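A.B. asks: need coordinates for the following:
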Amino acid sequence: MTHNKRKKNSRQRGEWTHGWGAKKKHRGAGHRGGRGNAGSGKRGDAKKPSYWKDEKYFGKNGFVSINKIEIKAIGISHLDSIIDTLIKTGKATINQDTISINLKDIKYQKLLGTGNTQRKLEITTEMASPKAIEKIQKAGGNINLPKQE
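C.D. replies: Numbers count the residues shown, from 1 in each chain. Take a look at the predicted model:
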């Protein structure tokens, strides 16, 4: 024989609260103290300490520049260590005793003066630090830069 179980809301008919305690509690977000971060104002002393811990909650934090241009740089010592690979792949060429490299071909825009080289290098690049130019010329090489107008 089947047993017809009565639904819970039928038991709550005639009750003001329908299982929510006070009559007001099931209306909106009032019993919770508001939605989201409501109540964190002048008299929200219970919530304030939790905001103080999170330093990023208030105010503006930094900015992101849309016009940022990234310059990829390579040092002399790193360039010297990969020269053999560049020659094998055809990104660098040997003319007599000078090795010619275009940094644009290996996706670098600037040559930095970190490290040393003993090889004669003919480097074409968009930018180079003064120290890099000095070190390459000291080794007997040359740096070709675009003309500044």
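
A.B. asks: helix or strand with the lowest mean pLDDT in this structure?
C.D. replies: helix 48-53 (a mean of 75; mean pLDDT, DSSP states H and E).

A.B. asks: what mean pLDDT does the very next helix or strand once past that helix have?
C.D. replies: Using DSSP states H and E, the next helix or strand after helix 48-53 towards the C-terminus is strand 73-75. Along strand 73-75, the predicted local confidence has a mean pLDDT of 96.

A.B. asks: residues in contact with strand 73-75?
C.D. replies: Among residues not part of strand 73-75, those counted as contacts by C-beta atoms under 8 Å, 6 or more residues apart in numbering are L103, I106, Y108, Q109, K110, L111, L112, G113, T114, G115. Quick note: C-beta positions are derived from backbone N, CA and C, even for glycine.

A.B. asks: distance of I101 from E55?
C.D. replies: Taken as C-beta to C-beta, to the nearest Å, the spacing of I101 relative to E55 amounts to 48 Å.

A.B. asks: who has more neighbours out of those two?
C.D. replies: Residue environment comparison for I101 versus E55 gives the larger neighbour count to I101, 23 against 9, counting by other C-beta atoms under 10 Å.

A.B. asks: could you double-check that that one lies in contact with I94?
C.D. replies: No - using C-beta atoms under 8 Å, I101 makes no contact with I94, being 10.5 Å away.

A.B. asks: the least confident helix or strand of the chain: how far from the chain's middle?
C.D. replies: Taking the mean C-alpha point of helix 48-53 and that of its whole chain, the gap between them comes to 27 Å (C-alpha atoms, centre = their mean, to the nearest Å).

A.B. asks: mind checking the SS state of I94?
C.D. replies: Reducing the assignment to helix, strand or coil with DSSP: H, G, I helix; E, B strand; the rest coil, the entry for I94 is strand.

A.B. asks: so what sits opposite it in the bridge?
C.D. replies: Counting by DSSP bridges, I94 is bridged to I99.

A.B. asks: residues near it, how many?
C.D. replies: Residues near I94, counting by other C-beta under 10 Å, number 10.
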